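[1] what follows is a predicted protein model with its sequence.
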Amino acid sequence: MTKGVIFDIKEFSLNDGPGIRTTVFFKGCPLRCIWCHNPEGLSPKRELFITHNGCTHCGLCKQPCDHEDCRGLGRCIHICPKGLVKAVGKLYSAEELAADIKREEDLFRSTGGGVTLSGGEVMMQPDFAVELITALKPIHVLIETCGYAKQEDFIRVASLCDTVYFDVKLADREEHKKYTGVYNDLILENLEWLKKSGINFKIRTPLIPGITDTDENLAGIARIADGAPVELLPYNRMAGAKYSGVGKKFTDIIKSDVSRIKSTEGLPENFTLR
Ligand code: SF4
Ligand code: SF4
């Protein structure tokens, strides 16, 4: 039985698909988008999250500790008098996670909701995703994916889902590499498979000011979509505090707080704005 690493579970969500949903955030992502709001979801491993503001440097958390759940983290996550040291990432078996989620099955049914698998990137843990989705049946399952996965993994996970929200952030190959760390070839190959699969899906593009919300990129996304639905997602500039919590540096090169795109006027009719 595979164990999955999950970094958050959000219940009663109204923004992650139809109806009332439980959203499960898989830990680990193969991309490194410069605008990422979930730096604690990038590493596939359980890791420390330290809030530096308020630390008195007493050193208590650095002393040797034999708590089982502190092993491998290099600090004690229980001893800080100010509660500044936490771990991100919890291991679950598919059966136990599905059993927890299924407590809300009646609510999902009565609201047309279900479960959304998000991240990080679901496809980074394909075996666990397959086991979890299978254990959740017949609940409606939607995945949010960056599309960057081996095609065989993409197909076996996506084929089990009721709906796929598929990110296409940048149409240009070199721009994609520059801002997300990877080329978009694999993503576009998986999208082509998805278009032909008959699975309900939509493309999603975050509106990052000056990067993804340019006329050129939106025209490129329209060409890639080829009439498939595209949802544009507003962007909110984030503070870098979450980055320092997991020991990462936030590179703030985004030029504005909000996108210039305020409506879909002038965009193709398959485009919507959330
Ligand atoms: S795909 Fe999503 S989770 Fe992964 S780096 Fe980009 S914004 Fe972050
Ligand atoms: S125990 Fe808390 S206050 Fe003390 S050094 Fe660690 S994080 Fe800082």
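    Received, thanks. Numbering: from 1, shown residues only. Ligands and ions are numbered 1, 2, ... in the order given.
[2] okay, CA-based contacts and neighbour counts for the rest of this
    Noted.
[3] show me the contacts for residue 45.
    Neighbouring residues of residue 45 by Cα atoms under 8 Å, 6 or more residues apart in numbering: 5, 27-28, 89.
[4] could you check how far it is from residue 124?
    The gap separating residue 45 from residue 124 is 11 Å, by Cα to Cα, to the nearest Å.
[5] spit out the residues that contact those two alike.
    Common neighbours of residue 45 and residue 124 (Cα under 8 Å, 6+ apart) are residue 28.
[6] before we move on, the earlier item: tell me which two of the contacts of residue 45 sit farthest apart.
    Farthest pair in these (Cα to Cα) is 28 and 89. Separation: 9.8 Å.
[7] most surrounded residue in the contacts of residue 45?
    When neighbours are counted by other Cα atoms under 10 Å, residue 27 leads the contacts of residue 45 with 29 neighbours.
[8] what about this protein, any weak spots by pLDDT?
    Within the chain, the ranges that satisfy pLDDT under 70 run 238-239.
[9] what about the helices in it?
    94-101, 105-111, 126-136, 151-158, 173-180, 185-197, 215-225, 241-245 (DSSP state H).
[10] helices or strands up against the last one?
    Under the contact criterion of 3 or more Cα pairs under 8 Å, 6 or more residues apart in numbering; DSSP states H and E, helix 241-245 touches strand 47-50.
[11] adjacent strands (with direction) for the strand it packs on?
    Strand 47-50 has the following sheet partners, assigned by DSSP bridges: strand 85-88 (antiparallel).
[12] spell out which parts of this protein neighbour ligand 1.
    Residues of the chain lying close to ligand 1 by Cα under 6 Å from any ligand atom are 29, 31-33, 36, 38, 119-120, 146.
[13] contacts only, for residue 67.
    residue 76.
[14] where do the strands of the chain begin and end?
    3-13, 21-26, 47-50, 85-88, 90-93, 114-119, 141-145, 163-167, 200-206, 230-233, 271-273 (DSSP state E).
[15] would you list the strands that the second one pairs with, along with their directions?
    Spelled out, it's strand 21-26. Here strand 21-26 has these sheet partners by DSSP bridges: strand 3-13 (antiparallel), strand 114-119 (parallel).
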